[in-house]
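**Q** show me the folded form of this:
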Amino acid sequence: MKHSLIAILAAGLVLAATSLTMAFDDIGQPPPDPVGTVYPEMTPELVQKKVEEQIRAQFEKAAGPSGYLIDAQQAQASGWGFVVDHFAQIDKNGDGSVSLSDISNFLSARTPQALMRAARQNLNQRSGTQIIE
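**A** Sure thing, here's the model as predicted:
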């Protein structure tokens with residue numbers, strides 16, 4: 001009796017493990033790219049251009065016909081949660097609206113390179129040393 005119970009449990013474990021390994025087999029694969037498809041090389045300049053295009057498109061979606069400034073409600077309505085979450089920081093003059101340039105400047109200051117540069121400067125100020133780049 002004890003051996004048959006162990007055998008049943010072992011069979012159940014094997015069945016469960018097998019079904020888990022095959023659980024994602026039905027997802028399928030995307031179709032192959034058409035013959036002759038060429039993708040541009042991902043350079044920092046191309047990535048920067050694509051990011052700027054996405055930011056501009058999101059801004060235009062939020063701004064609508066006015067096109068130049070958006071407020072927090074417009075950002076919220078367009079689904080631009082990051083801008084909504086940081087609106088007060090982006091709106092440096094506190095007038096309740098921001099431009100594409102304001103958003104771009106805020107994002108540029110938050111890049112890993114800019115944050116690392118600021119951290120080095122902060123560390124240098126605390127230690128009394130100066131590194132000239």
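**Q** how many neighbours does Ala88 have?
**A** The local packing of Ala88 (other C-beta atoms under 10 Å) involves 9 other residues. Heads up, the C-betas are built off the backbone N, CA and C, glycines and all.
**Q** from Phe106, how far out is it?
**A** From Ala88 across to Phe106, the span is 11 Å (C-beta to C-beta, to the nearest Å).
**Q** what about the strands in the chain?
**A** With DSSP state E as the criterion, the chain has strands at 69-70, 98-99.
**Q** just these: most buried one?
**A** Mean neighbour count (mean count of other C-beta atoms under 10 Å) peaks for strand 69-70 among these, with a mean of 22.
**Q** neighbouring contacts of that strand?
**A** Phe59, Ala62, Ala63, Val83, Ser97, Val98, Ser99 (C-beta atoms under 8 Å, 6 or more residues apart in numbering).
**Q** so how do I select the buried members of the residues you listed in PyMOL?
**A** This is the PyMOL syntax for the buried subset of these, where burial follows 16 or more other C-beta atoms under 10 Å:
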select buried, resi 59+62+63+83+97+98
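**Q** and the contacts of strand 69-70, which is closest to Leu123?
**A** Nearest to Leu123 among the contacts of strand 69-70 is Val83, at 30.3 Å by C-beta to C-beta.
**Q** just give the number of residues close to the residue nearest to that closest one when sequence neighbours are not counted.
**A** Take Val83 and drop its neighbours on the chain: the residue closest to it by C-beta to C-beta, 6 or more residues apart in numbering is Ala75, 4.2 Å away. Using other C-beta under 10 Å, Ala75 has 25 neighbouring residues.
**Q** between the strands of the chain, which one is closest to Asn122.
**A** strand 98-99 (26.6 Å).
**Q** all helices of the protein, in order?
**A** Taking DSSP state H to define them, one finds helices in the chain at 2-21, 44-63, 72-77, 81-85, 87-90, 100-109, 112-127.
**Q** out of these, which comes closest to Pro32?
**A** Ranking the helices of the chain by proximity to Pro32 (C-beta to C-beta) places helix 44-63 first, at 23.5 Å.
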